[in-house]
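Colleague: From the sequence below, what's the structure:
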Amino acid sequence: MKKKVDWQSLRGDISGASVTAVITIPLVVAYGLIAFAPLGSGFASRAAFIGLLSAFFTCFAASLLGSTPILITTPTAALTLMMSSIVGYLAASPLLLDIPSRETVILGLMSLSVLTAAMVQFLFSAFRLGNLVKYVPYPVMAGFMNGIAVLLILKQIRPFLGVDPKTPLLQIVLRPQAIEPLTFLVGLFTLAAIFFSARWFRRIPGLFVGLISGTTLYYGIFFLFDPTRIGSTIGQIDFRITGPLVSRGIFHQIGGLDLASLIPTLFFAGILVGLVGSMETLFTAVMADDLTGSLHNNNRELLAQGIGNTVSGFFGCLPGAGSIPETLANYHAGGQTRFSSVFTSFLIILLTGLFAPFIGLIPLAVFAGLVLAIGFEMVDRWSVHLLRQLPKTTRLRRNILGNLAVALVVTIIMVSINLIVAVGIGIIIASTLFISKMGKSVIRREYLGNQLRSKKIRNQEHSEILERLSRNIVVFELQGPIFFGSGDHLVKKILESMKDARYCILDMKRVNEIDSTGAKSIGRACRTLRRENKDLFLSYLYEEGSLREFLTLMGFEKELGADHIFPDTDAALEKAENELLQSEVLLCPSSELDLCRLDIFQVLPPDEIQSLADCLVRREYQRGETVISNLELTRDLFFMTQGSVSIRIPLREGNHKKRLATYPAGTVFGEMAFLDGEPRSAEVICDEKSVIYVLPFEKFESLSKEKPELGLKLIRKVAIELCRRLRTTSLETAFLEEH
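Modeller: Model (predicted):
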């Protein structure tokens, strides 16, 4: 059965491609002029065609293989400025001043940087490193964006004002009479048409409105006034497709030249071009996902970009990356599938072939207005927002100033030194900030044993002892990776907090990674504490977990001891509390308590205790045996005289059960159903061999009728016990909320 053609989608793709191609052509022509400006005005006509050809190669290859349907790949402002720096570096090299076919040789050497950028993207894709872009701090990216915006604006001031390209900017300020008023008027009219077009022509891209408006004004002035006072146009576009690797003789032309001093710089520049191009592409892909609801594949996207840049580099063209303006134009004009990108690439070549003479007639002042509009749009809105917020806040001023300082440093370096140098320094700043951030404390929260107790319910005597002694327990909740940047700080904090404590518990629940240095740091803390007769416990290290496997491999588990590793922090707290109690009172878990020693019976006279005892049923349970089932409809009350039981609730996911509390000998449980008559809310399981006395609710009712005062006393004691536990829970909840 033949698949029906989705004509609506196809029409949308053709519409999106048409609009995108129309606004892309003038932009990539302008980018070509900017990239090859160091080669002089004589190269302008060829530079314009290289810009167009670059858009075709990169857009076509990336659209076929990429994972984001509507993404448009073309030369971008950032990459264009970087390539302009590379071309300028080669044009200024004394080695290339007097050689034959100088421009072709420069294109060939430039292509080495483009191919290096493609190799970087291939490696990123092969080793699945696409997510690394997430680790570039936004202040660094904001600095890049602002620097690019400033450089674009500075590079277009001269053609915008109609002054000689070699005129220093300071001289323009000191001698404003050098400005050509009519040229300036054309550029300004173009810029105004772009920004005000949204009010008048909502469905037509502002760049296209500016292009038509500025060009129309230019030729109106051209025929009415002196054409020599209105600036020049590109001229006839030079249709010359350079051979692969711009070669066919390039190596013969540079034979005998010592280019060893150029290659390292070109290679390093190519790496930075690859990194910046990858970041631009992935940011654009994320934006496209938000528009379409799709989900791109980072590694596939970088592979497609690498292939597109390889083709572009072989033909001596500019590198490309995902472009936000063109991608937005494609989407808003109806583009839905990857065919819109394919159509865009072919339309660029088709329109170039059909209208090349007209493209060559577009004034340079109009191109300057288009690029200035892009430059103003590229100013980072986040930076502007922070500047506006700075006078309004005092508490966060230091944080805001720190972010702005990083962005400003990157911007200043880009403008005053070199864009490629700025990218390199920006990456160093990003790495430094990342390591600095990761090197900060991995301690999410620190608390003492008297602030959060284990879920084991204690009798009154033991609770009072723990209230006094549990400050000897210090718990550190850790998060993030423990590695060379954070391990040393953790050890210092542990030893500092353990000066007056006996037990240290490291909660590893939120630790996602640990390296050898981090493991050795914890081992050093363990040995130091052991010398002081103190203990270190680790929690949330599961038998099958990768963290425990790594620590075992490093020999840490053997050094610490398996009895010091627990499945959760609650179990570690219980262990530490038991040892503290053992140091104060003799815990005899194997002996059965007399009923009179239970807290709930201690204030009752012997005759009332005996009356209650006559109603109790003694039962023995083995480890793992169920005492109460979840949702059970009974109202019996239970008194522990030997062993311990745990209250557990089933979790929705999997077969796991969460422990709510553990009741040792001397305590009472089952109070809630006893008082309100509702079904049991959890199950009770024996942790060890236990002896439990059960008060059937029917016997309690009979006892209350015979001795109502005793019944009220029992209810009051049960209520007081519940209140004591609820008060402890309230204090713990308040602590958790505050920390």
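
Colleague: and the next element down the chain from the helix or strand of the chain with the lowest mean pLDDT?
Modeller: In the chain, no helix or strand scores lower on mean pLDDT, DSSP states H and E than helix 250-253, which sits at a mean of 54. Next helix or strand after helix 250-253 toward the C-terminus (DSSP states H and E): helix 263-292.

Colleague: And the next helix or strand past that next one?
Modeller: With DSSP H and E, the next secondary element past helix 263-292 is helix 298-314.

Colleague: for that next one, packing partners?
Modeller: helix 44-65, strand 73-74, helix 102-126, helix 263-292, strand 321-322 (3 or more C-beta pairs under 8 Å, 6 or more residues apart in numbering; DSSP states H and E). Where C-beta positions appear, they are placed from N, C-alpha and C, glycine not excepted.

Colleague: Starting from the last one, tell me which strands it pairs with and how they run.
Modeller: Strand 321-322 has the following strand partners under DSSP bridges: strand 73-74 (antiparallel).

Colleague: Show the contacting residues for residue 322.
Modeller: Counting by C-beta atoms under 8 Å, 6 or more residues apart in numbering, residue 322 touches 62, 68, 71-73, 280-285, 288, 301, 305.

Colleague: Turn those residues into JSON lines, columns for neighbour count, distance to residue 366 and pLDDT.
Modeller: Compiled in JSON lines, these are given as follows (neighbours: other C-beta atoms under 10 Å; distance: C-beta to C-beta, whole Å; pLDDT from 0 to 100):
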{"residue": "62", "neighbour count": "30", "distance to residue 366": "28", "pLDDT": "84"}
{"residue": "68", "neighbour count": "30", "distance to residue 366": "31", "pLDDT": "84"}
{"residue": "71", "neighbour count": "33", "distance to residue 366": "28", "pLDDT": "91"}
{"residue": "72", "neighbour count": "33", "distance to residue 366": "22", "pLDDT": "92"}
{"residue": "73", "neighbour count": "36", "distance to residue 366": "25", "pLDDT": "93"}
{"residue": "280", "neighbour count": "23", "distance to residue 366": "26", "pLDDT": "87"}
{"residue": "281", "neighbour count": "30", "distance to residue 366": "29", "pLDDT": "90"}
{"residue": "282", "neighbour count": "24", "distance to residue 366": "32", "pLDDT": "87"}
{"residue": "283", "neighbour count": "16", "distance to residue 366": "29", "pLDDT": "83"}
{"residue": "284", "neighbour count": "26", "distance to residue 366": "26", "pLDDT": "86"}
{"residue": "285", "neighbour count": "26", "distance to residue 366": "31", "pLDDT": "87"}
{"residue": "288", "neighbour count": "24", "distance to residue 366": "29", "pLDDT": "85"}
{"residue": "301", "neighbour count": "27", "distance to residue 366": "33", "pLDDT": "91"}
{"residue": "305", "neighbour count": "34", "distance to residue 366": "30", "pLDDT": "94"}
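
Colleague: Output these in JSON lines, with distance to residue 533 appended to each entry.
Modeller: Shown next, in JSON lines, are these (distance: C-beta to C-beta, whole Å):
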{"residue": "62", "distance to residue 533": "65"}
{"residue": "68", "distance to residue 533": "61"}
{"residue": "71", "distance to residue 533": "64"}
{"residue": "72", "distance to residue 533": "68"}
{"residue": "73", "distance to residue 533": "66"}
{"residue": "280", "distance to residue 533": "59"}
{"residue": "281", "distance to residue 533": "59"}
{"residue": "282", "distance to residue 533": "54"}
{"residue": "283", "distance to residue 533": "56"}
{"residue": "284", "distance to residue 533": "60"}
{"residue": "285", "distance to residue 533": "58"}
{"residue": "288", "distance to residue 533": "62"}
{"residue": "301", "distance to residue 533": "58"}
{"residue": "305", "distance to residue 533": "61"}
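
Colleague: closest to residue 515 among those residues?
Modeller: residue 282 (26.9 Å; C-beta to C-beta).

Colleague: Pretty sure the closest one sits against residue 297.
Modeller: No. Between residue 282 and residue 297 there is no contact under C-beta atoms under 8 Å: 10.5 Å.

Colleague: Tell me how far the helix or strand that contains residue 574 lies from the chain's centre.
Modeller: Secondary structure assigned from DSSP H and E places residue 574 in helix 569-584. Helix 569-584 sits 40 Å away from the centroid of its parent chain (C-alpha atoms, centre = their mean, to the nearest Å).

Colleague: What is it packed up against?
Modeller: Counting by 3+ C-beta pairs under 8 Å, 6+ apart, helix 569-584 packs on helix 460-469, strand 473-482, strand 503-514, strand 535-539.
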